[in-house]
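> Following is a predicted model, sequence given first.
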Amino acid sequence: MAEVLVAFGGNIGDARKTIARAIEAFCKSPLVQLRARSSDYRTPPWGVTEQPPFINAGIAVTTFLSPHDLLARARDIETQFGRDRSKQQRWGPRAIDIDLIAYDDVVLDDDTLTLPHPRTGERAFVLVPLAEIAPGYRIGAETVRDLLARVDTTGIEKLP
């Protein structure tokens with residue numbers, strides 16, 4: 001059974017409700033067990049900055065699914081919630097975004113999936129929620145806590 005960190009985000013519509021429903025759908029299987037869920041955070045947009053703020057959350061799960069099968073599950077859920085990756089601007093507005101951040105100590109880089117997620121160490125909007133639930137989780141040679149200590153968290157707000 002693998003331990004996996006997954007990031008959720010969105011900034012179109014009721015993002016908090018969409019993320020909550022997407023997490024529920026993602027974990028609605030005996031093959032994916034939710035172990036921890038972060039709070040929701042309002043975060044400044046990253047990449048394309050001229051758009052509304054995002055809501056971000058992170059989860060820790062255990063799974064028997066392979067990395068590619070878990071990615072397929074994430075993409076299916078994105079589609080269920082109205083996301084069409086082929087028609088959206090990279091880093092632009094979206095109703096839901098689900099990223100596999102780390103899958104045990106698996107290192108993978110192919111046409112469909114890179115693990116650990118290659119930009120995790122640059123993204124406070126991913127690291128802040130994950131540090132709440134899994135500060136000691138190792139992503140490569142460093143912990144989530146260590147990675148978070150090196151990024152700017154300005155503008156990130158924990159929501160009630």
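Ah, there it is.
> buried residues in whichever strand or helix holds E78?
Per DSSP states H and E: E78 is located in helix 67-80. Of all the residues in helix 67-80, those buried under the rule 16 or more other Cβ atoms under 10 Å are P67, L70, L71, R73, A74, I77, E78. Just so you know, the C-beta spots here come from the backbone N, C-alpha and C atoms, and that holds for glycine as well.
> Same question for stretch 30-50.
V32, R37, S38, D40, Y41, R42, T43, P44, P45, W46.
> Please apply the same query to stretch 52-65.
Applying 16+ other Cβ under 10 Å to stretch 52-65 flags P53, F54, I55, N56, A57, G58, I59, A60, V61, T63, L65 as buried.
> Residue ranges in this structure under the pLDDT threshold?
By pLDDT under 70, the low-scoring segments of the chain are 83-92.
> Number of residues surrounding T154?
7 (other Cβ atoms under 10 Å).
> Helix, strand or coil: sort out it for me.
coil (DSSP: H, G, I helix; E, B strand; the rest coil).
> Now do the contacts for the closest residue to it other than its chain neighbours.
Excluding its sequence neighbours, the residue lying closest to T154 (Cβ to Cβ, 6 or more residues apart in numbering) is P44, at 7.7 Å. Neighbour list for P44: P53, F54, F125, T154, G155, I156 [criterion: Cβ atoms under 8 Å, 6 or more residues apart in numbering].
> On the three-state scheme, the residue in the chain sticking out farthest from the centre is what?
What lies farthest from the middle of the chain is E50; by Cα atoms, centre = their mean that is 21.2 Å. Following three-state DSSP, we place E50 in the coil state.
> V151 now?
Per three-state DSSP, V151 ends up coil.
> need the contact list for the residue lying closest to it once chain neighbours are set aside.
Residue nearest to V151 in three dimensions, not counting chain neighbours: A124, with 4.4 Å by Cβ to Cβ, 6+ apart. Shown in contact with A124 (Cβ under 8 Å, 6+ apart): T43, L148, V151, D152, T153, I156.
> Would you confirm that the third one contacts L127?
Yes: applying Cβ atoms under 8 Å, one finds V151 in contact with L127, separated by 6.1 Å.
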